[in-house]
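Student: no FASTA, just this:
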Ligand SMILES: Nc1ncnc2c1ncn2[C@@H]1O[C@H](COP(=O)(O)OP(=O)(O)OP(=O)(O)O)[C@@H](O)[C@H]1O
């Protein structure tokens, strides 16, 4: 990889943090009765790497989906560089926000280079007819795209594998390729959803360097991660979501030392087990129903002509509907 910066400090020449790139206000996302994200405000400034953490099911990916047009928030507004974002993901990409997904989404039968070229489509002006007729405009644009795609592959250290099928890359390189594809749309803000998931420590370290280098290119970054060491080392600011709400936001030290964050991650009911509350409710309801059944049976057995107590069934809990189209 041809990256140089390995620290939080931006390289000389990088825009200083200041201008707000992303401004999400009061974002709420409901799925039927479930509020996955509730009234979340978040800004990302130029030159910044911001982390979004929280236990499983806290609403992080849903929030990302609200930022990128995959979901239209039930309430709230998302602005990118002062403009309200259109509610369509390809328009959001064209506006300047790119993302990667939790699960790898490469075109496995396409080459490494072709995968990056796919990411350039929002930046090429050549239309369908031009592509079909393969006129001079098309060839020029194609050559330019290939050149840029190769630059990006050079940047992430995969130039020598440009012609390999993406499915033949090792896992860590596939994740890097996803980042290159996202960069191909020339974003001003890059959203990374668990970029180190499944990586070994060396790959994680390399990803950290890569993200610093992307920041040094002038791209602001918002990253979801579960790896605390990675996120605390990487980010200028960290926001913590718990049960859809922003619990706290601050620098790494502030967040790490916050008791509520410690509780959310280290053994209190929320830690790694956000469904515990629901499980406890269901168990209590089942126990109540069983107790009522026993009482019923005893009443029926012990008395004649007396109607048994009717017990409401366990309070119906709407199962959270399945995830939509980002997984
Ligand atoms: N399309 C959907 N329809 C219904 N419920 C959804 C949908 N997407 C997410 N949810 C629910 O919203 C809540 C938040 O999920 P989300 O995936 O955003 O959490 P997360 O913080 O990204 O979790 P993880 O760290 O496990 O990826 C969960 O209860 C989830 O089941």
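Tutor: Yes, it's here. Please read all numbers here as calculations on a predicted model, not as lab measurements. Residues are numbered from 1 along each chain as shown.
Student: what about the helices in the stretch 51-200 of the chain?
Tutor: With helices called from DSSP state H, counting those that start in this stretch, the stretch 51-200 of the chain shows them at 60-67, 89-95, 112-118, 128-133, 136-156, 171-183.
Student: With mean pLDDT and mean neighbour count as new columns, can the ones you listed be given to me in TSV?
Tutor: Every C-beta, even on glycine, is put in place using the N, C-alpha and C of the backbone. Compiled in TSV, the helices of the stretch 51-200 of the chain are given as follows (pLDDT from 0 to 100; neighbours: other Cβ atoms under 10 Å):
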stretch	mean pLDDT	mean neighbour count
helix 60-67	95	25
helix 89-95	89	17
helix 112-118	92	22
helix 128-133	56	11
helix 136-156	85	16
helix 171-183	93	22
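Student: among the ones you listed, which is nearest residue 260?
Tutor: Nearest of the helices of the stretch 51-200 of the chain to residue 260, taken as Cβ to Cβ: helix 60-67 at 16.7 Å.
Student: who does the closest one touch, helix- and strand-wise?
Tutor: strand 20-31, strand 34-45, strand 49-53, strand 75-80, strand 189-193, strand 220-224 (3 or more Cβ pairs under 8 Å, 6 or more residues apart in numbering; DSSP states H and E).
Student: Could you see whether the ligand lies near that helix?
Tutor: Yes. Residues of helix 60-67 contacting the ligand under Cβ under 6 Å from any ligand atom: 60-62.
Student: Looking at these, spot the one nearest residue 158.
Tutor: Closest to residue 158 out of the residues of helix 60-67 next to the ligand is residue 61 (26.2 Å), distances taken as Cβ to Cβ.
Student: Please report the distance of residue 199 from residue 104.
Tutor: 12 Å (Cβ to Cβ, to the nearest Å).
Student: shared neighbours of the two, anything?
Tutor: 171, 175 (Cβ atoms under 8 Å, 6 or more residues apart in numbering).
Student: pLDDT below threshold where in this structure?
Tutor: The model of the chain has pLDDT under 70 over residues 1-17, 122-138, 265-286, 289-290, 292-327.
Student: Try it again at 50.
Tutor: Across the chain, residues meeting the criterion (pLDDT under 50) sit at 1-5, 13, 15, 267-276, 278-279, 302-327.
Student: Could you pull up the contacting residues of the residue nearest to the spatial centre of it?
Tutor: With distances taken as Cα atoms, centre = their mean, residue 193 lies nearest the centre of the chain, 3.3 Å away. By Cβ under 8 Å, 6+ apart, the contact set of residue 193 is 60-61, 64, 99-102, 224.
Student: Up against the ligand, what does the stretch 51-200 of the chain have?
Tutor: So the stretch 51-200 of the chain meets the ligand at 54, 56-62 (Cβ under 6 Å from any ligand atom).
Student: make it 8 Å
Tutor: 54-65, 71, 102, 193-194 (Cβ under 8 Å from any ligand atom).
Student: What residues are bridge-paired with residue 98?
Tutor: Listed by DSSP bridges, the beta-bridge partners for residue 98 are residue 190.
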